[in-house]
Every structure is written in structure tokens, then in C-alpha cells.
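Novice: please work out how this folds:
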Amino acid sequence: AYDAFIAGWFGDRLGVRFPEQLTLTWDRQQQLRYGENPHQAAALYVDPVPAAGSVTSAQQLNGKELSFNNIGDADAALACLTEFPSGMPTVVAVKHGIPCGVGTGPDLMTAWRKARDGDPVSIFGGVVAANGTVDAPLAAEMAELFLEIILAPEYTGDALEILGRKKNLRVLQVAVVAPGQDEVALRDVRGGLLVQDRDVLLLKDEPRVVTLSRPTAEEQEDLLLAWRVVKHARSNAIVLAKGGGTIGVGPGQTNRIWALQDAIRQATASPLGAVLASDGFFPFADSVQAAAAAGIRAIIQPGGSVRDADSIAAADEAGIAMLFTGIRHFRH
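Specialist: Numbering: from 1, shown residues only. Just a heads-up that it's a prediction; the model follows:
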């Protein structure tokens with residue numbers, strides 16, 4: 001461990017991003033009851049210098065011991081939450097590592113209600129993260145649902161008293177801090193380890209309008225919200241948003257049109273007048289046509305397909321505004 005620290009120190013100062021020999025050192029923080037399933041043994045190892053705003057640096061104020069799946073879901077909720085500015089009250093609900101409801105508003109209560117109503121079924125047994133102070137009225141509404149974890153940077157005393165009545169509810173206090181540009185993400189494969197820069201870039205440039213129609217100011221805000229969320233849904237991913245909250249998430253499909261159809265079919269509000277974000281480009285015009293049939297009014301997507309012209313033509317025919325970001329956010 002000591003040698004690994006020294007090697008890492010020199011590597012950082014010499015700008016060696018991916019050394020020929022990679023030696024990592026972690027401290028075991030917790031022996032977990034089990035892993036993803038009860039027949040799998042598991043433990044939590046942490047960086048000796050934990051990143052601020054991480055689940056491993058959070059202070060647990062109430063509830064049972066965190067499980068393997070709890071830790072993964074809490075990390076996913078925090079990751080999505082950090083996409084939103086600190087001055088924008090936001091609540092993110094996550095289920096099985098995927099955002100199921102995200103809301104913003106003038107205050108945290110409004111944001112919570114939008115996140116909850118974005119998918120009132122999937123939020124059951126989920127994880128909720130907020131980027132502001134949880135007060136007593138908000139805690140009372142949250143306590144009405146079965147939630148596994150609530151994360152926030154601050155709680156009032158009355159809020160903690162309310163949440164503390166639910167003995168199993170994990171209440172975590174953690175700063176909401178976006179990951180740094182120098183962070184790397186690790187993924188194990190059998191016999192090896194994939195290492196890459198963490199995807200911290202939301203946009204490279206201002207999204208470019210490629211259609212005759214342009215989004216309204218309200219649509220522009222919803223498009224950016226949907227783009228922030230779709231970055232954290234499994235690919236292929238589609239997110240529908242309307243009025244400052246998500247209304248449908250279609251993640252993890254092998255076919256983009258299926259993801260879009262899932263998001264539309266399972267939308268908790270009418271998609272008429274909603275906006276759509278796609279984590280990858282549309283290889284065919286069928287996605288735009290399906291969006292138009294559902295009443296979608298604006299789309300944000302990376303662009304870059306050899307058939308972009310077909311999608312643009314379909315959007316123009318339907319009077320849909322479409323923006324290209326020039327950057328994709330696959331998450332496999």
C-alpha cells in the first residue's frame with residue numbers, strides 16, 4: 001500500500017495517466033451482509049483519501065447498515081444530482097442504479113413532488129437524493145413512502161426526528177460535490193480491469209439547433225434537464241421531461257426505438273408537449289417519427305449519424321425542434 005501511494009504520487013506529478021503497471025490500494029471499511037444476491041459474499045473497500053461528496057464519505061444519521069445494492073444506488077443518485085447547479089433545487093430518485101424520477105423547481109418541496117410523480121411506482125423502495133436542506137414538511141412527505149435511503153447535505157432537527165421514526169430508513173448526510181476532472185472510473189472484467197476518465201463533461205459546446213423550429217425557453221430548460229438525466233441512464237437510453245421534471249425513462253434497451261417506445265408507453269404524464277433526450281444519435285428517422293406521433297415538441301441528441309439528414313427532415317416535417325450536442329453519453 002505504501003509503495004502504491006508513492007507510485008501514485010509520482011505518476012500524478014509526471015502526468016502519467018495510465019502507467020504500465022497499475023497498483024491500487026484500498027482499505028476495507030465494511031464487511032457486507034452479502035453482495036447483489038444473498039449467495040454472494042461482499043465487502044466495501046474505500047480509497048484511503050475518500051473523495052468529498054462520495055457515499056463513502058457520508059455520515060449515516062439513521063437506519064440499518066448499508067447493503068451492497070444500497071451503496072451502488074446511493075452512488076448513482078449522487079452522480080446524477082451533481083449534474084445540476086447547486087443553486088437549482090433538485091431531487092433525484094433512483095431505482096436499481098437508474099434515475100426513475102428527477103425534478104427541479106423554485107424550492108426543494110416542488111422538486112421532490114416532481115421527482116416522486118415522475119414515477120410513483122418505481123420510487124417505492126428506491127433511493128432519493130436532494131441538493132438542499134431537508135426540513136420537516138419535506139421529511140414528512142418523504143416518510144409517507146417506503147424509501148431505502150435519503151441523501152442530503154443538511155437536515156433540520158425536526159426533519160431528523162420525523163425520519164428517525166422509521167428505524168430502517170438510512171439517512172445520509174453528504175456534501176453534493178461534482179467529481180474532479182482527474183478522477184478515473186474502474187470496471188472489472190474477468191481477468192482484467194478497464195480504466196477510463198470519469199465522464200464529467202456534460203456538454204462540449206452550446207447545443208446546435210439543426211431544424212427550422214427552435215425550442216422555446218421552457219423547452220430549452222426541459223431539454224437540458226433531460227440531457228443531464230439521460231447521461232445517467234443505461235444505454236440505449238431515452239428520457240422524457242416536461243415542466244421541470246422527468247415523466248418517462250426508457251433505459252437499457254438493445255434498440256433505441258424500443259427505449260423510446262418504453263419511455264412513451266410508461267410516461268406518467270401525457271407526452272404531448274414534452275421534450276426528449278437520447279444518449280446516442282438516432283441511426284434512423286423512426287425515433288423522430290415515433291416522438292412526433294406521441295406529441296413530443298423538442299429533441300436533444302448527439303448527432304453524428306450518417307442518416308442525420310433523415311432525422312432532421314422528419315423533425316422539420318413534424319414541426320419538432322431538434323438540437324445536436326456533438327457529445328454522447330453511453331453508459332453500459
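
Novice: confirm that V171 sits in a helix.
Specialist: No. Assessed by DSSP: H, G, I helix; E, B strand; the rest coil, V171 does not belong to a helix; its assignment is strand.

Novice: who's it bridged to?
Specialist: With DSSP bridges as the criterion, V171 is bridged to N62, I150.

Novice: which positions within stretch 1-14 qualify as buried?
Specialist: For stretch 1-14, the neighbour count (16 or more other C-beta atoms under 10 Å) marks 7-8 as buried. Where C-beta positions appear, they are placed from N, C-alpha and C, glycine not excepted.

Novice: and stretch 325-332, by the same measure?
Specialist: For stretch 325-332, burial by neighbour count (16+ other C-beta under 10 Å) applies to 325, 327-329, 331.

Novice: name the residues that touch that stretch?
Specialist: Residues from elsewhere that reach stretch 325-332 (C-beta atoms under 8 Å, 6 or more residues apart in numbering): 199, 201, 203-205, 207-208, 227, 230-235, 237, 279-281, 300-304.

Novice: now, the residues you listed that are in helices?
Specialist: If you go by DSSP state H, the contacts of stretch 325-332 have 227, 230 in helices.

Novice: are any of the contacts of stretch 325-332 buried, and which?
Specialist: Neighbour-count burial within these applies to 199, 207, 227, 230-235, 237, 279-281, 300-303; the criterion is 16+ other C-beta under 10 Å.

Novice: now, which of those residues lie within strands?
Specialist: Using DSSP state E, the members of these that fall within strands are 300-301.

Novice: pLDDT wise, what is A293 at?
Specialist: pLDDT for A293: 97.

Novice: that one in helix, strand or coil?
Specialist: Secondary structure for A293, judged by three-state DSSP, is helix.

Novice: what about it, how many residues nearby?
Specialist: Per other C-beta atoms under 10 Å, the neighbour tally for A293 reads 11.

Novice: quick one: residues contacting the spatially most central residue of the chain.
Specialist: With distances taken as C-alpha atoms, centre = their mean, C80 lies nearest the centre of the chain, 3.1 Å away. By C-beta under 8 Å, 6+ apart, C80 lies in contact with 92, 94, 99, 102, 129, 228-229, 231-232.

Novice: are any of the residues you listed buried, and which?
Specialist: Taking 16+ other C-beta under 10 Å as the criterion, what is buried in the contacts of C80 is 92, 94, 99, 102, 129, 228-229, 231-232.

Novice: of all these, which comes closest to R13?
Specialist: Proximity of the buried ones among the contacts of C80 to R13 (C-beta to C-beta) peaks at K231, which lies at 31.3 Å.

Novice: just the endpoints, please. Distance across stretch 72-88?
Specialist: Its start and end residues considered, stretch 72-88 measures 25 Å (C-alpha to C-alpha, to the nearest Å).

Novice: thinking again about what came up before, what does the model give the residue nearest to the centre of the chain for pLDDT?
Specialist: In this model, C80 is scored at 98, pLDDT.

Novice: that one and A143: what is the separation?
Specialist: Distance, C80 to A143, by C-beta to C-beta, to the nearest Å: 23 Å.

Novice: same deal with I296?
Specialist: Distance from I296 to A143, by C-beta to C-beta: 35 Å.

Novice: so these two - more neighbours on which side?
Specialist: Of the pair I296 and A143, I296 is the one with more neighbours under other C-beta under 10 Å, namely 26 against 17.

Novice: so who does the more buried one touch?
Specialist: With the criterion set at C-beta under 8 Å, 6+ apart, I296 makes contact with 240, 271, 274-276, 320.

Novice: just confirm G101 is within a strand.
Specialist: Yes. Residue state for G101 (three-state DSSP) corresponds to a strand.

Novice: run a quick neighbour tally on the spatially closest residue to it that is not a sequence neighbour.
Specialist: Excluding the flanking residues, the one nearest G101 by C-beta to C-beta, 6 or more residues apart in numbering is G118, at 3.0 Å. Other residues within reach of G118, judged by other C-beta under 10 Å, total 30.

Novice: so G118 touches A263, yeah?
Specialist: No. Using C-beta atoms under 8 Å as the test, G118 is too far from A263 to be in contact (11.4 Å).

Novice: hmm, which two among the contacts of C80 are most spread apart?
Specialist: Using C-beta to C-beta, the contacts of C80 reach their maximum pairwise distance at A129 and K231, which is 15.4 Å.
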